[in-house]
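J.: model this:
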Amino acid sequence: MLDLRQPTCAEALSPAAEGYLCERLALQLSGAAVLRPCQVRLYQCLADRGSAQALAEDLLALTAQRQSPAGLAAVFECPSGAAQAFDAELRRHLQLLQLLEPRIDADAAIAAEPEAEEALLLRVDGCDLRLIALHPGAGRLARVLPCPVLLFQLLPP
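T.: As a prediction, the model looks like this:
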């Protein structure tokens with residue numbers, strides 16, 4: 001079976017692309033001046049079972065560390081279509097996360113109205129995470145990126 005996470009981290013991103021991504025994501029983090037404590041990981045497709053399994057494992061690893069790094073940026077290679085398609089793909093991905101890993105509670109995020117474009121809340125292994133979605137069809141200019149990115153930030157207990 002192929003490992004969908006190859007290459008992991010930001011190994012496949014050029015320094016310029018990584019810098020641009022970090023600048024854009026740093027704008028989304030409350031109370032954080034830089035994104036360097038955030039891991040950047042690449043996944044194949046949003047709403048894909050294999051990508052959801054890989055992300056579930058990475059979220060559990062993130063919450064096991066509790067403090068460092070403070071977040072995870074999940075960059076998806078396959079671009080989404082229209083905003084409505086992204087919303088459906090995001091909900092499907094969250095449902096897959098919850099289905100594949102019982103320690104992930106995504107009910108609040110799945111039930112939220114995606115049109116509001118507010119941060120979603122996710123509970124992973126007893127830790128609260130804020131989820132911000134960035135994608136080509138985002139309504140806020142600061143959240144428009146050429147590919148889907150899910151930014152997970154650990155919230156204080």
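
J.: Go through the worst-scoring helix or strand of the chain on mean pLDDT and flag the buried ones.
T.: The helix or strand of the chain with the lowest confidence, counting by mean pLDDT, DSSP states H and E, is helix 15-26 at a mean of 78. Neighbour-count burial for helix 15-26 flags Glu18, Leu21, Cys22, Arg24, Leu25 (criterion: 16 or more other CB atoms under 10 Å). All C-beta atoms are positioned from the backbone trio N, CA, C, and that covers glycine.

J.: If you drop the residues flanking it in sequence, what lies closest to the fourth one?
T.: So that's Arg24. If you skip the residues right next to it in sequence, Arg24 has Leu145 as its closest partner in space, 6.4 Å away by CB to CB, 6 or more residues apart in numbering.

J.: Can you name the residues that contact the residue nearest to Val149 when sequence neighbours are not counted?
T.: The spatially closest residue to Val149, leaving aside those adjacent along the chain, is Leu134, at 4.3 Å (CB to CB, 6+ apart). When contacts are counted by CB atoms under 8 Å, 6 or more residues apart in numbering, Leu134 touches Arg24, Leu25, Gln28, Arg143, Val144, Leu145, Pro148, Val149, Leu150, Leu151.

J.: and which of those residues is nearest to Ile110?
T.: Within those, distances to Ile110 taken as CB to CB reach their minimum at Leu150, with 13.7 Å.

J.: distance of Leu129 from Tyr20?
T.: Spatial separation of Leu129 from Tyr20 under the definition CB to CB, to the nearest Å is 24 Å.

J.: returning to what we had before: now the contacts of Leu134 as JSON lines including secondary structure and distance to Ala74?
T.: Supplementary listing: the contacts of Leu134 in JSON lines, determined by DSSP: H, G, I helix; E, B strand; the rest coil; distance: CB to CB, whole Å:
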{"residue": "Arg24", "secondary structure": "helix", "distance to Ala74": "14"}
{"residue": "Leu25", "secondary structure": "helix", "distance to Ala74": "11"}
{"residue": "Gln28", "secondary structure": "coil", "distance to Ala74": "13"}
{"residue": "Arg143", "secondary structure": "helix", "distance to Ala74": "14"}
{"residue": "Val144", "secondary structure": "coil", "distance to Ala74": "17"}
{"residue": "Leu145", "secondary structure": "coil", "distance to Ala74": "12"}
{"residue": "Pro148", "secondary structure": "coil", "distance to Ala74": "8"}
{"residue": "Val149", "secondary structure": "strand", "distance to Ala74": "7"}
{"residue": "Leu150", "secondary structure": "strand", "distance to Ala74": "4"}
{"residue": "Leu151", "secondary structure": "strand", "distance to Ala74": "8"}
